[in-house]
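A.B. asks: I'd like to go over a predicted model; first the sequence, then the structure.
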Number of protein chains: 2
Amino acid sequence: MLSEALQGKKLSKAEYKKRVPKLRASLLRAQESLREEEFPLLILVSGADGAGKGSTVNLLNEWLDPRYVRTRAFKRPNEYDQLRPPFWRFWKALPAKGTTAIFIGSWYSEPIFQFMNGHIDNDQFMAELQLINEFERSLVDNGIVLLKYWLHMSKKDQEKRLEKLVTDPDNRWRVSGEDWHQLEVYEQFTEVAELTLQSTQAYNNPWQVVDGGNKRYRDVAIGESILTTLDDCVSQHSSKTQTANPVDLAPIVSGQSLADVNLNQQLSKEVYKNELKLLQAKLGKLSRQALKENRGSVIVMEGWDAAGKGGLIRRITPGLDARSFQVIPIAAPTDVENAHHYLWRFWLHVPQGGNVTIFDRSWYGRVLVERIEEFTPESLWKKGYREINEFEQHLTDHGITVVKFWVHIDADEQLRRFKERETISHKQYKITEEDYRNRNQWKKYESAVNEMVARTSTGNAPWHLIAGNDKYFARVQALRIYCEQLEKSLNASW
Amino acid sequence: MLSEALQGKKLSKAEYKKRVPKLRASLLRAQESLREEEFPLLILVSGADGAGKGSTVNLLNEWLDPRYVRTRAFKRPNEYDQLRPPFWRFWKALPAKGTTAIFIGSWYSEPIFQFMNGHIDNDQFMAELQLINEFERSLVDNGIVLLKYWLHMSKKDQEKRLEKLVTDPDNRWRVSGEDWHQLEVYEQFTEVAELTLQSTQAYNNPWQVVDGGNKRYRDVAIGESILTTLDDCVSQHSSKTQTANPVDLAPIVSGQSLADVNLNQQLSKEVYKNELKLLQAKLGKLSRQALKENRGSVIVMEGWDAAGKGGLIRRITPGLDARSFQVIPIAAPTDVENAHHYLWRFWLHVPQGGNVTIFDRSWYGRVLVERIEEFTPESLWKKGYREINEFEQHLTDHGITVVKFWVHIDADEQLRRFKERETISHKQYKITEEDYRNRNQWKKYESAVNEMVARTSTGNAPWHLIAGNDKYFARVQALRIYCEQLEKSLNASW
């Protein structure tokens, strides 16, 4: 792919002057349409050092309306970045609907650097590229227009460029030892780049390789390519020019079912009080150790309305230090959240270091309420299973313990609790008509929960179905499971 | 204040057991009301090490519903924090309406540390406390319920606590050399604390000093104090129990007026093209130097509708490296922004290090559109002048160059441009009925702009009124002013 791009294409000054004004006007117009149609546009500018990434990005900022463009230069992850999974900083920076983000340096940079310098072997490198493919597939499937440019340059052009710079007193400072090193490893770098591009060449977001050797040719080529893509998207009122991938359902990995939960299990108040005290003390010790070892936790609390999720959370938090946990209640997304990929708002709350995030409801809304209320088309929520598994894999790969609870009660118990709440003055606010409406969908929810558990109860992040008819039993069971999972992670050698 | 708090008050176990269950239930109920009434609540837990800050905060998390509480422990600012003004990290963490934030360590910690260790002298320390007073006044005036607890402890209790810990094999690890040092400097610390409390004892958000020596007494005292405050707020449907401060208008500091702007100034296309090129090149050099010196810029672009703000921004950005600037267009606030202090969303975009943020419209909306459309009561927008001056002072104190432009045109020129835009297909979207509606308020806006300039054209962040009838002239004038201001800041020895 790379060598084919080096055809020494040029553009004369006259031709450049002729084409650019029209191109600029068209780009501005296309950008306005992008805002109206509310597509998020993400442009990656990658390639060899010295091939013109910086000046390309400056030019795009000049040609586009900079008010709706955010440019981000990603350097090697700093100490702060390293407290979270590697993709966290990219998720955070994803463009909202109607806006454009330009990244110099991206999720490609670090794997290539690591591989070039022998810190990871070929298998690990291919695994990193696989993560990238999953990530980009999920972006494109969820409506982001992703454009990937790779600026390439012949060795001769590289050499000429450096020599021109060092002989110019005004520009000599631009040349560093790293530049000469890059020239020395030109062949190796080109080989790794070739492998990278071929392995991440998805049919709906292909790489576009541009010869960086001629500035005028490069600028116009990229500008026109952006214009073509935007025009296509706008004329189809859809970002689907980048044809969405077919649904590839995550496989069934668990045979658990709500029907199998024994809801008769219970504990006496005395046993409960005793156990609770012991388990909270144990959690206290484990969570201190987890902080020391930088072992974060993500706890997912899902379950029927009135299943007792809030009470359960309040029995877990006393075992944690208030300075190291946060509870995130998930309601309908805000307008800013709605303008992003549905997983964006959850990524923002991934705990740093050894901290704990408890989600009171979670990303599983994608395959529960969004499915049943038909907020999201079937082709999209069905992809959710796989996307969610991949998200959780990022967490556990980073050493985060992911604990997922579904607190189960039966329909009679739920009704009893609704009625009870209506008689307790300060709990009345908890019961709304919507709660009764949801009850009518019980069967639908039941099968959605079962499918969710079947497809997302992975080895690294299994589901735990909690018998919730007896609150005492549920609390002790959940605390015990969290302690066990945390303990296992702390003993694990990793 | 401190010694008076040490009356050795205690609470028996029996009394504690009697009072706590009722207190907990009441706190939960009060918290629900807080959510309904949509107050943001901010609790500072400060005081001597070992006086029980950590365990108090853990307890509050146990007593309150942790889903609506965020606890933040602020340690000494790290490298990342230091890229921005000191208050940036506190602004970011302010609670949204209906939620509670608990801070251990706060804006008090660092000045006290610096002063205790002789890094700042008495005058500097008092200046820091003055900044704190301004900040807290602005929070309270804008509806945040601020509760400040100082946990104090007698030297004897401190000593006993440490000795008890070191003789206990399970808890010995908790005691560090720092703890013994704290005991040695007990008198000095108490003196500094006393000075701090007295200097920041605003009548509407007073300190509450609690004897940390007896855990049960301390817990119940704080719990009951929170409850009383919440109940007061809720019963008055307003956070104004903390009586808002009277309006203290920022003084008039500038005699500039829109009427004085000579709108006949213009440039020929030839001169314009030439000047633009020279100034952009100059800005290129200056902005590279600013990046090296970590000298950030904030550019405020205000002006009449159709004054040419966007075009002006597009003439500035080519002089900047796309990796180091962002343009933030300011529209109506999102729902999350609306749930915060009006300056919150601007603080989030304060540039780091030597970067540049260009605001296309800004916080001046507070004293322009919010005033004229009566979105904000007079008593609040009038406070805006002072609050804005204080905000900009934080920026310039951190070494950020603040450049403020009002692009001025007359009403005839505006009408001509509206009509012109309506005939250009890709600019039609820019003209709405609202624009015509705003025209009818021209006189009102004019006097609001004049008052704004008069009260906020401070020495550190002056306003520049740009003659905008001729776009060429306006662009060259603004670029020149930015270059001059930047150059001055770079030459300044600081």
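C.D. replies: Nice, I can see it.
A.B. asks: For A:Arg439, grab the count of nearby residues.
C.D. replies: 16 (other Cβ atoms under 10 Å in any protein chain shown). For every residue, glycine as well, the C-beta is placed using N, CA and C.
A.B. asks: So it versus A:Ala411, what's the distance?
C.D. replies: A:Arg439 sits 7 Å away from A:Ala411, going by Cβ to Cβ, to the nearest Å.
A.B. asks: how about low-confidence regions in chain A?
C.D. replies: Where chain A drops to pLDDT under 70, the residues are A:237-243, A:425-430, A:492-494.
A.B. asks: All the strands of it, residue numbers only.
C.D. replies: A:41-47, A:69-73, A:100-104, A:145-152, A:207-211, A:297-303, A:325-329, A:356-360, A:401-408, A:463-467 (DSSP state E).
A.B. asks: Adding mean neighbour count, write those strands out as CSV.
C.D. replies: What follows is the strands of chain A, written out as CSV (neighbours: other Cβ atoms under 10 Å in any protein chain shown):
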stretch, mean neighbour count
strand A:41-47, 24
strand A:69-73, 20
strand A:100-104, 23
strand A:145-152, 22
strand A:207-211, 21
strand A:297-303, 24
strand A:325-329, 20
strand A:356-360, 23
strand A:401-408, 24
strand A:463-467, 21
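A.B. asks: Next, format those strands as a markdown table and append distance to chain B.
C.D. replies: Listed next are the strands of chain A as a markdown table, based on distance: least, Cβ to the nearest Cβ, whole Å:
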| stretch | distance to chain B |
| --- | --- |
| strand A:41-47 | 10 |
| strand A:69-73 | 4 |
| strand A:100-104 | 6 |
| strand A:145-152 | 15 |
| strand A:207-211 | 18 |
| strand A:297-303 | 10 |
| strand A:325-329 | 4 |
| strand A:356-360 | 5 |
| strand A:401-408 | 15 |
| strand A:463-467 | 18 |
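A.B. asks: Adding distance to B:Pro251, write those strands out as CSV.
C.D. replies: Below are the strands of chain A laid out as CSV (distance: least, Cβ to Cβ, whole Å):
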stretch, distance to B:Pro251
strand A:41-47, 47
strand A:69-73, 38
strand A:100-104, 43
strand A:145-152, 51
strand A:207-211, 58
strand A:297-303, 52
strand A:325-329, 43
strand A:356-360, 47
strand A:401-408, 57
strand A:463-467, 63
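A.B. asks: Of the ones you listed, which is nearest A:Gln266?
C.D. replies: Nearest of the strands of chain A to A:Gln266, taken as Cβ to Cβ: strand A:463-467 at 8.5 Å.
A.B. asks: helices or strands up against that closest one?
C.D. replies: strand A:401-408, helix A:442-456, helix A:471-491 (3 or more Cβ pairs under 8 Å, 6 or more residues apart in numbering or on different chains; DSSP states H and E).
A.B. asks: Excluding chain neighbours, give the residue nearest to the residue nearest the centre of chain A in space.
C.D. replies: The residue lying closest to the centre of chain A (Cα atoms, centre = their mean) is A:Trp91, at 5.0 Å. In space, and not counting its chain neighbours, A:Trp91 is closest to A:Trp347: 3.9 Å by Cβ to Cβ, 6 or more residues apart in numbering or on different chains.
A.B. asks: circling back: ok, which of the helices and strands packed on strand A:463-467 comes nearest B:Asn78?
C.D. replies: From the helices and strands packed on strand A:463-467, taking Cβ to Cβ, the stretch that ends up closest is strand A:401-408, at 25.6 Å.
A.B. asks: Need the residues that contact that closest one.
C.D. replies: Contact with strand A:401-408 is made by A:258, A:261, A:263, A:290, A:295-304, A:307-309, A:312, A:392, A:395-396, A:449, A:453, A:457, A:460-468, A:474, A:478, A:481-482, A:485-486, A:489, as judged by Cβ atoms under 8 Å, 6 or more residues apart in numbering or on different chains.
A.B. asks: rewinding a little: just so I know, which of the strands of chain A lies nearest A:Pro86?
C.D. replies: Short answer: strand A:100-104, nearest of these by Cβ to Cβ, at 14.4 Å.
A.B. asks: So in that sheet, which strands flank that closest one, and in what orientation?
C.D. replies: Partners of strand A:100-104 in the sheet, by DSSP bridges, are strand A:41-47 (parallel), strand A:69-73 (parallel).
A.B. asks: Against A:Phe87, how distant is the residue nearest to A:Trp91?
C.D. replies: Distance from A:Trp347 to A:Phe87, by Cβ to Cβ: 8 Å.
A.B. asks: So for the two, which sits in the more crowded spot?
C.D. replies: Higher neighbour count among A:Trp347 and A:Phe87: A:Trp347, with 22 against 18, using other Cβ under 10 Å.
A.B. asks: list the contacts for the more buried one?
C.D. replies: Per Cβ under 8 Å, 6+ apart, neighbours of A:Trp347: A:87-88, A:91-92, A:391.
A.B. asks: Which members of those residues are the farthest-apart pair?
C.D. replies: Most distant of these, by Cβ to Cβ, are A:Lys92 and A:Phe391, 14.2 Å apart.
A.B. asks: Looking at the two now, which is surrounded by more residues?
C.D. replies: A:Phe391 (23 against 13).
A.B. asks: Just confirm the more buried one contacts A:Trp363, I think it does.
C.D. replies: Yes - the pair A:Phe391 / A:Trp363 is scored as a contact, 6.8 Å apart, by Cβ atoms under 8 Å.
A.B. asks: anything in contact with each of these two?
C.D. replies: With contacts taken as Cβ under 8 Å, 6+ apart, A:Phe391 and A:Trp363 have A:343, A:346 as neighbours in common.
A.B. asks: Among the contacts of strand A:401-408, name the buried ones.
C.D. replies: Using 16 or more other Cβ atoms under 10 Å in any protein chain shown as the burial test, those include A:258, A:261, A:263, A:290, A:295-304, A:307-309, A:312, A:392, A:395-396, A:449, A:453, A:457, A:461-468, A:474, A:478, A:481-482, A:485-486, A:489 as buried.
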